[in-house]
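Undergrad: From the sequence below, what's the structure:
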Amino acid sequence: MLDTIGVSSAEDLFAHLPPETRLRRPLDLAPGKSEYEIVEYFRARAAENANGYASFLGAGVYNHYRPVLVDTVISRGEFLTSYTPYQAEISQGTLMTIFEFQTMICQLTGMDVANASMYDGSTAAPEAAMMAMRITGRDHVAVSRAVHPEYREVLATYMRHHGHVKDDARVTEFEYDLDTGGIDFPSLERALGPNTAAVMVQSPNFFGVVEEVKRAAETAHAAGALLIVVFTEAVSLGILEPPRDADIVAGELQSFAISPSYGGPFAGVIATKEKYMRQIPGRLVGETKDTRGNRAFCLTLATREQHIRREKATSNICTNQALIALMATVFMTVYGRAGLRELAEQNLAKAHYLGGRLPLRFGGPFFNEFVARTNGRTPGAVNERLLDNKIIGGLPLDRFYPELADCMLFCATEMNRREQMDAVASVVAAAEAYAR
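TA: Residues are numbered from 1 along each chain as shown. Just a heads-up that it's a prediction; the model follows:
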């Protein structure tokens, strides 16, 4: 192949790339190691990980129990090796699971239509924003500062390069209330304008506070904008009122039996009302009948860049997370409506038990995450002390919110035991005593 294209080596093939992008990092291994010695080396390094530690870290990735049935189902060859369900006649199993997935997501979110999953929540959110722009004909988005900071970064990148003109002014952030941790509605109203396509909020938000979705919808609609509700903790949908006042719901399903796995792969989702169905990105699976009148499934409304002219496509997402979404589908099937509610109640009870023993920063209602002060010692020092007790602590917030430099975001799920929560409370209390 190199001879055919006229280059002498693989290095020459990549010579046009900047040198700093072509660095080859050698493995830090002693020379002369055999294969089994290298395997033993990596096993030893793996044993150094914090295996078996309790975790109170959330912030968009949550530690929930994964039913063993999930891996049993997704390991089946017809699911594990299937690439994409273009050939409906030989992909009925995959198409059926996606159809059930879409149905369950609609039941959870209170929306009429859900797509066949997205890459993850961070890309689903800006896709929802671009969808709102197509619907309204406007090109500005107002987003709460209490939306996950990394989601907001992805949104800003999407918006900056959306369309033919590079523009940093397509996104305006509005503040959170310093007392409740929820939406600061006067700040939201100031952020709205005649060109606002959508208001984006997260509930529960990044601080764990459950937002006033109905009031946010009324405020957005009064300005002619749509409301996008984002979620990162899908288990909350088992107990909270579905965000049916929203126009578009975008979120992350990692909590539904998808392993944290160093940050992915995950499965995102977009759901919307029926009147906006033709603007939803990605693909949808629909129900039909075959030539014999039997129930069948097929891809429909897949207005993607692979199928039609690129400028007419509703998304640049070129595939969906079918296998990962199948994990969530199996999870929802195993738990069912009553089981998911019971799971959510466990999360709520444990988080409120821990939150009741810590100095809370905000007074708004919360689900399984909350912000606590670490008066007197830095969050990093508190986390070091927790690690000594084999506990992974919360997220220091100064990285994203300088005004909350003395605060941490804690999460408690069904995986946390009372003695672990008591240990966290004791360490934080000791930090306060040290300050005094």
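Undergrad: Downstream of the one helix or strand residue 214 maps to, the next helix or strand is which one?
TA: Mapping residue 214 onto the secondary structure by DSSP states H and E places it in helix 213-222. Helices and strands here follow DSSP H and E; after helix 213-222, the next one along the chain is strand 226-231.
Undergrad: Identify the bridge partners of the residue lying closest to residue 380 once chain neighbours are set aside.
TA: Setting aside the residues directly before and after it, residue 380 is nearest to residue 396 in space (C-beta to C-beta, 6 or more residues apart in numbering), at 6.1 Å. Where you see a C-beta, it was placed from the backbone N, CA and C, and this is true even at glycine. Under the criterion DSSP bridges, residue 396 forms beta bridges with residue 408.
Undergrad: and residue 396, how many neighbours does it have?
TA: The local packing count at residue 396 equals 20, with neighbours defined by other C-beta atoms under 10 Å.
Undergrad: is it true that it touches residue 381?
TA: No: under the criterion of C-beta atoms under 8 Å, residue 396 is not in contact with residue 381, lying 10.0 Å apart.
Undergrad: can I get the CA coordinates of the helix holding residue 214 in CSV?
TA: Output in CSV follows, covering the C-alpha atoms of helix 213-222 (Å, rounded to 0.1, in the frame of the first residue of the first chain):
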residue,chain,number,x,y,z
VAL,A,213,-39.3,22.6,36.6
LYS,A,214,-42.9,23.8,36.2
ARG,A,215,-41.9,27.4,37.1
ALA,A,216,-38.9,27.2,34.8
ALA,A,217,-41.2,26.0,32.0
GLU,A,218,-43.6,28.9,32.6
THR,A,219,-40.7,31.4,32.5
ALA,A,220,-39.2,30.0,29.3
HIS,A,221,-42.5,29.7,27.5
ALA,A,222,-43.4,33.3,28.4
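Undergrad: mind giving me the domain split of this structure?
TA: Dividing the chain into domains by automatic domain parsing, as the record does, gives the ranges 54-66+339-435, 68-331.
Undergrad: The first one - what's its average pLDDT?
TA: Confidence over domain 54-66+339-435, taken as the mean pLDDT, stands at 94.
Undergrad: now stretch 34-51
TA: 87.
Undergrad: Would you indicate which residues of it are buried?
TA: Neighbour-count burial for stretch 34-51, counted by 16 or more other C-beta atoms under 10 Å, picks out no residue.
Undergrad: Can you tell me what sits against that stretch?
TA: Contacting residues not belonging to stretch 34-51 are listed as 29, 33, 387, 390, 392 [C-beta atoms under 8 Å, 6 or more residues apart in numbering].
Undergrad: Now the residues you listed in CSV, please, with extra columns for neighbour count.
TA: Conversion of the contacts of stretch 34-51 to CSV gives the following (neighbours: other C-beta atoms under 10 Å):
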residue, neighbour count
29, 11
33, 13
387, 13
390, 13
392, 14
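Undergrad: Now flag whichever of those residues is closest to residue 225.
TA: residue 392 (39.5 Å; C-beta to C-beta).
Undergrad: Helices of the stretch 101-250 of the chain, start to end?
TA: In the stretch 101-250 of the chain, the segments counted as helices under DSSP state H, counting those that start in this stretch are 121-136, 149-160, 185-191, 213-222.
Undergrad: Could you check how far residue 78 is from residue 85?
TA: As defined by C-beta to C-beta, to the nearest Å, residue 78 lies at a distance of 11 Å from residue 85.
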